[in-house]
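1. Sequence plus predicted model, see below.
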Amino acid sequence: MIEEPYRWVEAIANRREYIEAQLAPGSPIAALGYHDGILFLTVGRTRQKLFEIYDRIAMGAIGHPGDIERLRMAAIELASTEGFTRSAADVSLRRLVHYSLSPVMKSAFEQVYGPPFLARMLFAEVGERAEKDLFLRVEYDGEIATNGATYAQARRDFAVLSGTRQSGELMEAFLKTQHVPDASFEATLNSALDAWSIGHMSLQASDANQLPERDDVLKYRQDQLADSGIEAALLERDAKRAIRYRSLSDTELRPLIND
């Protein structure tokens, strides 16, 4: 009996190591607030990573396609039920994540005899003003990270998602110094592409622990975009529209990219 808790802790540690290894190759996602809303962006070749959840809420995810789809459908169902039983204005990202998705993911992770969710998710909810924008990152074990101000950090107008902690930290370090919350869409697009490039470069070089040179980032970005597509979506701040989510095509974004 005495050994049981230790076996559980060991099983949890092994499970965490396995999940981290499975998520490590995932293409990074950047979500940046700007004057007219929130831009979600990633780069890839095949599978969709950005999704609409509800009127003002969007999601980006990396991980196993089946688990991502299960979690996406659960989020949509929860939001739709809330909107139907109350009102669309009552649908809150904070409530959706804190009281529904996070507990489910935590329970699945800790039940060592059942399968965990192989997924890491980034949510955003656009506000009436930029300072009301909300970003929430949800880990496979139910842990939540937010852009809100805490004792340890100031409020952020961006959020990132990547396959490794190191990659995400480099993306955040870049955006802390380069992202301007009131920037134009074109400037925000290029900042998001640079952040993605830095995160993806880090995934290819496991020993990367500092930001690369600007010229290296631009060259890497050009090389990747030569045979990969841009996947992007907007959460628009226009209060005249109920549904704020809008997908952006690769072709309409290419002319706005700085060389």
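-> Okay, I see it.

2. did I read that right, residue 135 in a helix?
-> No. Assessed with DSSP: H, G, I helix; E, B strand; the rest coil, residue 135 is strand; it does not lie in a helix.

3. isn't it right next to residue 146, touching?
-> Yes. Judged on CB atoms under 8 Å, residue 135 makes contact with residue 146 at a distance of 6.7 Å. Quick note: C-beta positions are derived from backbone N, CA and C, even for glycine.

4. If you count surrounding residues, which of these two has more?
-> residue 135 (23 against 19; other CB atoms under 10 Å).

5. give me every residue that touches the more buried one.
-> Residue 135 sits next to 31, 122-124, 146-147, 156, 158-159 when contact means CB atoms under 8 Å, 6 or more residues apart in numbering.

6. and residue 31, bridged to which residues?
-> Note on residue 31: beta-bridge partners by DSSP bridges are residue 40, residue 159.

7. Count the residues that sit near it.
-> Residues lying near residue 31 (other CB under 10 Å) number 29.

8. How about residue 182?
-> For residue 182, the count of nearby residues is 12 (other CB under 10 Å).

9. quick one, what contacts it?
-> 34-35, 130.

10. mind running it again at 7 Å?
-> Counting by CB atoms under 7 Å, 6 or more residues apart in numbering, residue 182 touches residue 35.

11. Between the contacts of residue 135, which sits nearest residue 13?
-> Closest approach between those and residue 13, by CB to CB: residue 122, at 25.1 Å.

12. Looks to me like that closest one is in a strand.
-> Yes. Remark: residue 122 belongs to a strand, assigned using three-state DSSP.

13. thinking it is in contact with residue 63, fair?
-> No. Using CB atoms under 7 Å, residue 122 makes no contact with residue 63, being 11.5 Å away.

14. And these two? Which one has more around it.
-> Per other CB under 10 Å, whichever of residue 122 and residue 63 has more neighbours is residue 122, with 26 against 20.

15. Kindly state the beta-bridge partners for that one.
-> Per DSSP bridges, residues listed as beta-bridge partners of residue 122: residue 60, residue 137.

16. which residues does it contact?
-> Contacts for residue 122 (CB under 7 Å, 6+ apart) come out as 29, 31, 59-60, 137, 159, 161.

17. buried sites along the lowest-mean-pLDDT helix or strand in the chain?
-> Using mean pLDDT, DSSP states H and E, the weakest-scoring helix or strand in the chain turns out to be helix 4-23, at a mean of 89. Across helix 4-23, burial judged by 16 or more other CB atoms under 10 Å covers 15, 19, 22-23.

18. Now residue 98: closest residue in space, sequence neighbours ignored.
-> Nearest residue to residue 98 in three dimensions, chain neighbours excluded: residue 144, at 6.8 Å (CB to CB, 6 or more residues apart in numbering).
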